[in-house]
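A.B. asks: build the 3D model from these lines:
(one chain, ligands or ions: 1)
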Amino acid sequence: MEILKTNNITMQFGGLTAVKDFNLTLNKGEIVALIGPNGAGKTTAFNMITGVYKPTKGKVFYKGNDITQLPPHQITKSGIARTFQNIRLFKDLSVLDNVLIANHLHIKSNVFEALLRLPKYKNEDRKMINKSLELLEIVGLSDEKNEKSSSLPYGKQRRLEIARALATNPELLLLDEPAAGMNPKETEDLTRFIKTIRDDFKLTIFMIEHHMQVVMGISERIYVFDYGITIAHGSPKEIQNNQRVIEAYLGVEDNA
Ligand SMILES: Nc1ncnc2c1ncn2[C@@H]1O[C@H](COP(=O)(O)OP(=O)(O)OP(=O)(O)O)[C@@H](O)[C@H]1O
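C.D. replies: Okay, here's the model as predicted:
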């Protein structure tokens, strides 16, 4: 079943076409990767899907609904969560508070109920704390729950970002370079972890990634960008053997 579809989404910045006529289809439960050299337009594609940029042309459909013009918070609320290439945690807050904040998206009490700490709010508050603790357990950060998020090593900060994204109850999760800056052991753990959360949370995952080991290891399908154009689309095997991809990308990035 199709969960997300884009019709010819295009993004122009002045004279530069960052993404041209991108047609993406994501089926429920898939792990799909978007790869391409630096500056190829991958993050711009993410930004169009998540409402950060409005495409110059084309449309984005989520579960059959046109979400092209929705603001980012409504897109998140409808079930699409993301992480960022540059980690965006609240650095001075604790690990637990970082997840709790994301949970607030779903709280039903109004501000008065919260300020007066009325029973409805207290009940929701307790549920949120429990849910956040569960998420921290799943991503393996229970022991660090009271630590400042900035004190965590890089790999753990990335896991915290994922926990925070999961707190918004997504069905579709977009990961922007989840393995960036990770050592080989962290990368291997992350690969397993992405598969696990896909299964446990019944997610569809769309990720930008430079680590070929991660991409080839877990993606069911791969889209390849070069200068904003989709130069290839297929299974990991097809992509590895695609001459245009080898020329544009793999030959250069494989050693990165
Ligand atoms: N807000 C913006 N204004 C102007 N140009 C932009 C903007 N955002 C991105 N670009 C340009 O669009 C092109 C695509 O950038 P984008 O960040 O999407 O690439 P990318 O594939 O994600 O790169 P990387 O792998 O380095 O993250 C680049 O030439 C970039 O300079």
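A.B. asks: what does the protein put close to the ligand?
C.D. replies: Selection of the chain residues close to the ligand by CB under 6 Å from any ligand atom yields 13, 16, 18, 36, 38, 39, 40, 41, 42, 43, 44, 85. Heads up, the C-betas are built off the backbone N, CA and C, glycines and all.
A.B. asks: can I get these in CSV with pLDDT, secondary structure and neighbour count?
C.D. replies: As requested, the residues of the chain next to the ligand are exported to CSV (pLDDT from 0 to 100; DSSP: H, G, I helix; E, B strand; the rest coil; neighbours: other CB atoms under 10 Å):
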residue, pLDDT, secondary structure, neighbour count
13, 96, strand, 10
16, 96, strand, 11
18, 98, strand, 22
36, 93, coil, 25
38, 90, coil, 9
39, 92, coil, 14
40, 94, coil, 24
41, 97, coil, 26
42, 97, helix, 27
43, 96, helix, 19
44, 97, helix, 23
85, 80, coil, 14
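A.B. asks: now do stretch 126-138: everything it contacts.
C.D. replies: Here stretch 126-138 makes contact (CB atoms under 8 Å, 6 or more residues apart in numbering) with 95-96, 99-100, 103-104, 107, 142, 144-145, 163, 166-167, 197, 200.
A.B. asks: can I have the buried ones of the residues you listed as a ChimeraX selection?
C.D. replies: To isolate the buried members of the contacts of stretch 126-138 in ChimeraX, using 16 or more other CB atoms under 10 Å:
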select :95,96,99,100,103,144,145,163,166,167,197
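A.B. asks: where's residue 245, which helix or strand?
C.D. replies: Per DSSP states H and E: residue 245 is located in helix 243-245.
A.B. asks: hmm, residue 194 is touching residue 165, no?
C.D. replies: No: using CB atoms under 8 Å, residue 194 is not in contact with residue 165; the gap is 12.0 Å.
A.B. asks: rewinding a little: what helices and strands are in contact with the helix holding residue 245?
C.D. replies: Applying 3 or more CB pairs under 8 Å, 6 or more residues apart in numbering; DSSP states H and E, one finds that helix 243-245 makes contact with strand 229-234.
A.B. asks: need the contact partners of the strand it packs on.
C.D. replies: Strand 229-234 is contacted from outside by 20-23, 221-225, 238-239, 242, 244-245, 248, using CB under 8 Å, 6+ apart.
A.B. asks: and the helices in the stretch 51-200 of the chain?
C.D. replies: Secondary structure of the stretch 51-200 of the chain (DSSP state H, counting those that start in this stretch): helices at 72-78, 95-103, 111-115, 119-138, 154-166, 184-200.
A.B. asks: contacts only, for the residue nearest the centre of the chain.
C.D. replies: The centroid of the chain falls nearest to residue 174 when counting by CA atoms, centre = their mean (2.2 Å). By CB under 8 Å, 6+ apart, the contact list for residue 174 reads 46, 49, 50, 80, 81, 82, 83, 205, 206, 207.
A.B. asks: quick one: average confidence on the helix holding residue 245?
C.D. replies: On average, the pLDDT along helix 243-245 is 90.
A.B. asks: other residues contacting that helix?
C.D. replies: Outside helix 243-245, the residues within contact range by CB under 8 Å, 6+ apart are 224, 226, 231, 232, 239.
A.B. asks: and the chain, what are its domains?
C.D. replies: Domain assignment for the chain by automatic domain parsing gives 1-79+170-256, 89-169.
A.B. asks: ranking the ones you listed by mean pLDDT, which is last?
C.D. replies: For the domains of the chain, mean pLDDT drops lowest on domain 89-169, to a mean of 83.
A.B. asks: quick check: end-to-end length of that domain?
C.D. replies: From its first residue to its last, domain 89-169 covers 18 Å (CA to CA, to the nearest Å).
A.B. asks: try stretch 78-96
C.D. replies: End to end - CA to CA - stretch 78-96 spans 24 Å.
A.B. asks: list the buried residues in it.
C.D. replies: Of the residues in stretch 78-96, 78, 79, 80, 81, 82, 83, 87, 89, 94, 95, 96 count as buried by neighbour count, 16+ other CB under 10 Å.
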